[in-house]
Every structure is written in structure tokens, then in C-alpha cells.
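*Asks:* Just a sequence and a predicted model for now, questions to come.
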Amino acid sequence: MALEPVKQVSGTGVFVPGADIDTDRIIPARFMKCVTFDGLGEYAFYDVRFDSETGDKTKHPLNDERFKNASILIAGVNFGCGSSREHAPQSLKKYGFNAVIAESFAEIFYGNSTTLAMPCVMASAENITALRAQVEKDPTTEITINVEELKVSTSAGLEFSVNMPASAHDALITGRWDPILELIENGPAIEERAKALHYI
Amino acid sequence: MGKSLFQKVWDSHRVGTLGDGRTQLFIGTHLIHEVTSPQAFGMLRDLDLTVKFPQRTFATIDHIVPTINQDQPADPLAAEMIDAIRKNCDDFGVTYFDLKSGKQGIVHVVGPEQGITQPGTTIACGDSHTATHGAFGAIAFGIGTSQVRDVLATQTIALQEMKVRRIEVNGDLRPGVYAKDVILHIIRQLGANGGIGYAYEYAGDVFERMSMEERMTVCNMSIEGGARCGYVNPDAKTVEYLKGRPYVDNDNFDETAERWLSFASDADAHFDDIVKISAEDIEPTVTWGISPDAGISITENIPDPLKASSPEQKANIEEALAYMKLPAGTPIQGVKIDVAFIGSCTNGRISDFREVAKYIKGHKVAANVQAIAVPGSQIVAIQCEQEGIPEIFREAGFEWRAAGCSMCLAMNPDKLIGDQLCASSSNRNFKGRQGSPTGRTILMSPVMVAAAAIKGSVTDARELFDLEGASAVA
């Protein structure tokens, strides 16, 4: 059963500033007291979106009305570092994001996002800055991530190349982003490998 | 050309290559806990799948367990999660070290204690601190919940092969410099993202001389440097530590030990990168910011954004100092603390409590500081009791608690309040990490936490305690 290939993602964007945005920031641990991923969307970036004492909305870009329909998250270096919690990309997806463009990503977050068919593409600092400037000048700027050709273009005329590990690229464009069925298919090879190991 | 331990373990666990080019890697040992596993079992049920090798998965509860009245979570959501893991383990035949087993604890403390963690194995867990098990020469890493599902269903995951960076630390550590300082120093040098795409091999005199528990402290924080896994080559200490433990093949021990040792990196192994650090350059290290790579020596000043090397760095320092409410360019020593926490998968083992107990006798925690000590497992707690350690901590003014992750990530009732500042032996100083959205964390070794608790402020433990002869490899 092939999954839906992810060849292109389009939408408006929002820039979230800061390096090393960790998965505790994306989804604070207290919201992981749950046995399903349902409902995590409303808690994305919760503690930086709401003042912990007054409960009022902060000036975080996700609270800015101009970006309320954004579906592409734009960030800096080492996005998604820290905890392995899949709750982080789950919350971003459920919040309404379909892709992330950043300078670099932490590895576990990257794999988790790919498995959820949420492409994460890497761009240079200069291109991120240029993209941010366009989005902040005109939040309705349409961004298109051509996953297949690894290119980003905007309705305001910006165009640049992005990177992605070859395996994630292949997994997304061929509809293999969730590997479970392919893993299961190799049952006999798994059995053989298990027998050759000397433990458990 | 010889092979690194990483390469040997990878090759012996490779099932095949997947269509997207990733390796299908066999996961010999799978550890689960209550936070990241319930959804995986849910997916398994949705897909009508079963657990392929139930004997290869081991469960415990740690993240949400209260450390006062362990078995009585006041929080109904916590109770629901405990019920869920019990039911999932029962339904699928998975071994579960529950609260009544006497073996419950932080999953990364329990695995080694039980001898489940062994050299030359692959270990995965839905927890980024799984790298801890690399101390035994295992390739161990954190995975997401969909991958927990993959392991349950197939005992394999799809994974991109990593590069290997050998980090050599040679020389003699100075008195009062601990394993925690070594890893905080490494992360400071290489950055929070320096290890992306790499497995770290920790090598050289310093790691060879370290105890297994000290090696665990180092490997534990690999992910804080961006490396998904980190390991130390197995040696006689590894073998000695594991001998006689419940899940070790003690009937064929010599043969088993020989096989374990054969996984060590060959002398002519290839490494993608080599970094050399002098042990003498490492000082007792503390963090000042909101990322674990924001480390400075206890004798240094808090960074000044005006001296930043780039606009980005300036903005990062400003953001961190605004959150931490710390003045730029002033000594970190003397910064007032509100809470002191000794515990976690980084520093919640018997040797951590023994070391602190040696120095806190005759001292008292400062009046306005709440100090809590949380053993990493029920077994650590019992060992401590047998040695009279809880009395020493209580006498000094610490609260002595029951086993769990506790205030490292504050999913149980142990949380900072408001913008309290915590001197912590844990692994992350992220914004809000310790349970309050404005709570602040300074990472340091357990002995430094004890010194801060006693003085009521960040302190050079070498000035408060007689640490001559005390170091990671004393």
C-alpha cells in the first residue's frame, strides 16, 4: 500500500525566531500526560504563546493575527533539539503546519516529522532571512516548497534551493514516509537476524 | 582498515536496505516507559499487529511517578497512564518492572542495573537519553513514538547510518572535576548541534579510568550535544559491572564477556572526525543560559552580549539572559538559588549520592532553599538506605524522595514555582523544563548542587568542601 507522495507543500509562512528551539518549547512536558496524540495542536508553543501568570497572549508570532493562517513554519538553527517526543511534530501538525523551513534540524525531530509526512527542509541563513523579510512584510505571501526538486519559491519572487537527506527526500516523494509496511515485509530477514544474535 | 564499535554493532544488526536507502536495523533491546509508549500500542491495535518479540521489550514507569507516595498519583491523567502501560504489557506479554517489583526506576538506570544493557547490542527507547546505555558499548538511541510502534511490530526501525566522531580526553582531571563537568565541557566546545549526524565515541585516559556510572553520566548527555548516541568501548570494568546481574548469561559468562570485548573499536578503526581535549582544561562547569551548551567554568563571568562575535550570537545571549534574569558580565558564583535537585538519569545513581554524602555531613541547606534528592531507582534507594545515606541528606536539610525522573522534566508533582532558580544535576536547562513556564535551571554536578544548596547560591564546591583527591577518576 503506497502512501500519498508529498511532492509539494504550499501556504503562507510564519517566522519563529531563536536558535535551538527545543521540543520542550514546542510542547511543554505537562501536555504529554495523555495516551493519544489527539488535541495536542492547541498546546503547540503554549508557554511562549501565553503569559504564565495572567494567561494573556504574548507577542509570540503565532499570536499575531496576520499569521493565523500560516501553514509553513520558518525557523533558525537546530530546530527541534532535545527530547525525542513525537508529541512535538504531532502538535505542530495538528496546529496546522504542513512543513518546516529552517537552517538546520535536530535528528530525532527530523525523523519523527518525516514519518508524519511533514517535510522539513534546510535553507541557508541568508535565504531564511530573505524569506522572513518577505513574510513579515506581507503575511499573505504564498510560499511553495517543491519537495521533489528541493526548491522554495514565493509569490513575491524569491527562489532558492533547499536541502534534505536523500532518504527523507525519497521517502516523501515516493510515498514511503511511514516505513512500517516495508519493515513488516522483511519478516524472514528479521527472523534470520534475530537468530544470529547472541542475546535475549 | 579496522572497524569502530559503531560499525561492528551496525553491521551485525543490519537487516537490509530499504527503498529510500535507509538501513533496516534490528533493535535487540527495547525499553519503554509510560509517556511515549501508549500511542504506539494504540497504533499497533489500529493496524491489528502484535508484538513480534515480546521478550525483547522491557517496561517501567518513571516520568510521571510521584516521589512522595509513589503509588498514589493525585493526578488522574498520571493514573491513566500507569493503567495504560500495565494493560499494554499484560496484553502483549512484555516484562514490566512496576512499583511493586522493587526494580522500578528511571528506565536508563533500570536497564544497566538489571544487566539488560549489554555491550555490542542495539538499544532503543522512546526517550532521547537512551544514549546513556552507550556507556556499556551499546549503540543506544532515542526514537519517536511511531518508531516505538515499528520496534514493537517488527523489532526493527528505518535509520540513516551515522558518522562517528571520536572524542579523546587525555590527561588528569583536576580535583573536584567530575564526569558531569567533562560532558558539559565537551558540549560547550562542540555546541548543542555539533553532533548532528554523528555517534560519539568517548575515548582516552579519562573515560578509561571512569567507573561505569561516570561513563553513563557522560553518554547520557550526548543528545545535548546533538549526537543521537554516544558510547565508550567495553573493557574489564564493563565486564565486572555486569557479572552476576539478572539478565546476563551468567552460566556462560566467560564466553559472553569475550564476545562483548570483541566489539571494542579496532586500533586501526576509521573515524569520520577526531576531537582532542585536555583533561587539565576542564573546570567545574555550570550553565548560565537556556541550552546545555551555554556552559562556563564556575570561575568565569556570565557572557556579555556586547562582546558577542555575531549579531545572531548577541541575540541568543540576550534572549537567554532575559529569561534567566542574570546580569551580563558578572560572576556566575553568588547567583542566588531557590531549589536544589539531585537526581535524574544523568546523576541519580548510587555513586552520585555516595559522593555528595561524603561532603554534606556537618553542613546545612540554606534556609530559603528547598533541596530534594531523588534516587534513580528503587534499587538505588535501597542501596542508599543500607549505607545510611538518606539520614545524611535529611540531617543536612534535604528532602529524601522515592525513585523517578522527578524535577528533571517535572511531569510529576515536583515542579519549580514561578521563576524559581534551580541548581540541578539533571541534563536540560531549556525554558520551562522544570515545570514552571518561567522556571530557571543551572546545570552542574551533584557535588556542585550540594554546595549551592548549602550556600544558597552558585558556589565553587572546591572552596566549600575539601575536594583534594575528589574527581571523576579519583
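*Replies:* Okay, I see it. Numbering: from 1, shown residues only, chains lettered A, B, ... in the order given.

*Asks:* what residue ranges in chain A are flagged as low confidence?
*Replies:* Within chain A, the segments meeting pLDDT under 70 span A:1.

*Asks:* Tell me where it has strands.
*Replies:* Under the criterion DSSP state E, chain A carries strands at the ranges A:8-11, A:13-15, A:72-74, A:99-102, A:120-122, A:143-146, A:151-154, A:159-161.

*Asks:* same thing with the stretch 151-300 of chain B?
*Replies:* Remark: strands assigned in the stretch 151-300 of chain B by DSSP state E, counting those that start in this stretch are B:156-159, B:163-170, B:198-203, B:229-231, B:273-278, B:285-287, B:295-297.

*Asks:* follow-up on the earlier one: redo the strands of chain A as TSV? Include mean neighbour count and distance to chain B.
*Replies:* All C-beta spots, glycine's among them, are computed from the backbone N, C-alpha and C. Formatted as TSV, the strands of chain A follow (neighbours: other C-beta atoms under 10 Å in any protein chain shown; distance: least, C-beta to the nearest C-beta, whole Å):
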stretch	mean neighbour count	distance to chain B
strand A:8-11	18	18
strand A:13-15	24	13
strand A:72-74	26	15
strand A:99-102	25	11
strand A:120-122	23	11
strand A:143-146	21	19
strand A:151-154	18	20
strand A:159-161	14	19
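
*Asks:* Could you provide those strands in a markdown table, with additional columns for distance to residue B:46?
*Replies:* Shown next, in a markdown table, are the strands of chain A (distance: least, C-beta to C-beta, whole Å):
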| stretch | distance to residue B:46 |
| --- | --- |
| strand A:8-11 | 26 |
| strand A:13-15 | 32 |
| strand A:72-74 | 28 |
| strand A:99-102 | 25 |
| strand A:120-122 | 25 |
| strand A:143-146 | 30 |
| strand A:151-154 | 35 |
| strand A:159-161 | 38 |
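
*Asks:* Quick check: bridge partners of the residue nearest to the spatial centre of chain A?
*Replies:* Among the residues of chain A, the one closest to the centroid is residue A:100, at 4.4 Å (C-alpha atoms, centre = their mean). Taking DSSP bridges as the rule, residue A:100 bridges to residue A:73, residue A:120.

*Asks:* Look up which residues are beta-bridged to residue 163.
*Replies:* No chain was given, so I picked chain A. Bridge pairing for residue A:163 - DSSP bridges - gives residue A:122.

*Asks:* right idea, wrong chain: chain B
*Replies:* Beta-bridge partners, per DSSP bridges, of residue B:163: residue B:198.

*Asks:* Could you report the neighbour count for residue B:79?
*Replies:* 13 (other C-beta atoms under 10 Å in any protein chain shown).

*Asks:* how much space between it and residue B:85?
*Replies:* 11 Å (C-beta to C-beta, to the nearest Å).

*Asks:* Identify the residues contacting stretch B:367-375?
*Replies:* By C-beta atoms under 8 Å, 6 or more residues apart in numbering or on different chains, the list of residues contacting stretch B:367-375 from outside reads B:67, B:105, B:337-344, B:348, B:353, B:356, B:365, B:381, B:384, B:390, B:393, B:396-404, B:406-407, B:414, B:452-453, B:456.

*Asks:* Can you tell me, leaving aside adjacent residues, what's nearest to residue 168?
*Replies:* Going with chain A. Once flanking residues are discounted, residue A:168 sits nearest to residue A:114: 4.7 Å by C-beta to C-beta, 6 or more residues apart in numbering or on different chains.

*Asks:* that's the wrong chain, I meant chain B
*Replies:* Per C-beta to C-beta, 6+ apart, closest to residue B:168 is residue B:204, 4.0 Å.

*Asks:* how about the strands of chain A, which one is nearest residue B:2?
*Replies:* With C-beta to C-beta as the criterion, residue B:2 lies closest to strand A:120-122 of the strands of chain A, at 33.5 Å.

*Asks:* now for that closest one, which elements pack on it?
*Replies:* Using 3 or more C-beta pairs under 8 Å, 6 or more residues apart in numbering or on different chains; DSSP states H and E, the elements in contact with strand A:120-122 are strand A:99-102, helix A:107-115.

*Asks:* Pull the distance from that strand to the chain's centre.
*Replies:* Offset of strand A:120-122 from its chain centre (C-alpha atoms, centre = their mean, to the nearest Å): 8 Å.

*Asks:* show me what contacts the spatially closest residue to residue B:159 that is not a sequence neighbour?
*Replies:* Once flanking residues are discounted, residue B:159 sits nearest to residue B:25: 5.0 Å by C-beta to C-beta, 6+ apart. Residues near residue B:25 by C-beta under 8 Å, 6+ apart: B:10, B:13, B:14, B:15, B:122, B:156, B:157, B:158, B:159.
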